[in-house]
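# pasting the sequence and the predicted coordinates here, then a few questions.
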Amino acid sequence: MIKRIREIFSVIYPAFGLLVLPVWNSASRLRIISNIFFVIAFLAFSLWGFSWISHRPVFTLTHVTVESMSSGSLKHINLPTIRARAAEKLKGNFFDIRLDQAREALETMPWVRRASVRRVWPNGLVVAIEEHVPLGVWAGQETPHLMNTYGEVFTANMAEAEDGELLLKFSGPPGSNKEVYKKLQMINTWFKPLKTDVTALELSSRYAWKVKLSNGLTIELGRELDERDSKQIELAVDRLLKTWPQVQEKWANRVDSIDLRYANGYAIHLGKKL
């Protein structure tokens, strides 16, 4: 037991001696400490120098360029609009501006779908914008909104939408805009043989589809709750397309609405037009 204690003490004693040995009596320890102080002083001086240089007036942001993410030009967003809406987030200098915060501020602006901000040496910024391209008016909420070509609903001034009379009309339960947009693509494909396109598409609260075409026809497609309903609608549309030449031959352009909600046929409504 005593021998074991002596072995432990023989290891601890030299280490303890190094700790209590005066620093100035050890050249190696002095070199280590001096190197540490040198590194600390160098880092502190470097940080101070960088801070001093980065706050020179030459790096103050003075140039902001706005460009489109696509090859086209911007129709609703320009530099005065950006300065009016997001000026605070675009202030500062080349080094301390927060690009993420600036991008987030820009993406809250009307007509901005996506934005990016990058630095240009030594005092400039380039703001790239992807604008919403309005496809139609979405009436599925208390106040009408616009729907873009990705099926996304966004808020903007209706009067600013070019060719407002050409905007499609959409409606549906809250949150169904993506589903309505997907159905739009499908229906346009269905009726391509008739050389007509969708001008209005409605999804009711009971999940029943109603479509209006550019040739004036209004078509009740029926409810679509599952895959079986989807197949039934496709079969009904196929039946209509196959028999449409006969309908046209008999009633010409007098048909103004069609109801496809029948298992083995469809109903037509004749308007007063000749």
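Received it, and whenever you're ready, just let me know what you need. Just so you know, these numbers come straight off a predicted model, no measurement behind them. Numbers count the residues shown, from 1 in each chain.
# got the buried residues for stretch 253-271?
By neighbour count on 16 or more other CB atoms under 10 Å, the buried set for stretch 253-271 is 255, 257, 258, 259, 260, 266. (Each C-beta comes from the backbone N, C-alpha and C, glycine too.)
# can you redo these as TSV with distance to residue 83?
TSV is the format used below for the buried residues of stretch 253-271 (distance: CB to CB, whole Å):
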residue	distance to residue 83
255	55
257	51
258	53
259	55
260	53
266	57
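# closest to residue 225 out of the residues you listed?
Residue 225 has its nearest neighbour among the buried residues of stretch 253-271 in residue 260, at 15.9 Å by CB to CB.
# report the contact partners of the residue lying closest to the closest one once chain neighbours are set aside.
Leaving out its chain neighbours, the residue that sits closest to residue 260 by CB to CB, 6 or more residues apart in numbering is residue 236, at 3.9 Å. Residues near residue 236 by CB atoms under 8 Å, 6 or more residues apart in numbering: 221, 222, 260, 261, 262, 266.
# residue 212 now?
Going by CB under 8 Å, 6+ apart, residue 212 touches 169, 198, 199, 200, 201, 218, 219.
# mind checking which of these are in strands?
169, 198, 199, 200, 201, 218, 219 (DSSP state E).
# inside strands: which ones of the buried residues of stretch 253-271?
255, 257, 258, 259.
# picking up where we left off before, buried sites along the one helix or strand the residue nearest to residue 260 maps to?
Per DSSP states H and E, residue 236 falls inside helix 227-251. Of the residues in helix 227-251, 229, 232, 233, 236, 237, 240 count as buried by neighbour count, 16+ other CB under 10 Å.
# returning to what we had before: okay, the residue nearest to residue 260: pLDDT?
Residue 236 carries a pLDDT value of 96.
# for it, give its distance to residue 266.
Residue 236 sits at a distance of 7 Å from residue 266 (criterion: CB to CB, to the nearest Å).
# which neighbours do the two have in common?
residue 260.
# quick check, residue 173 in contact with residue 203.
Yes: contact criterion CB atoms under 8 Å: residue 173 and residue 203 qualify, at 6.8 Å.
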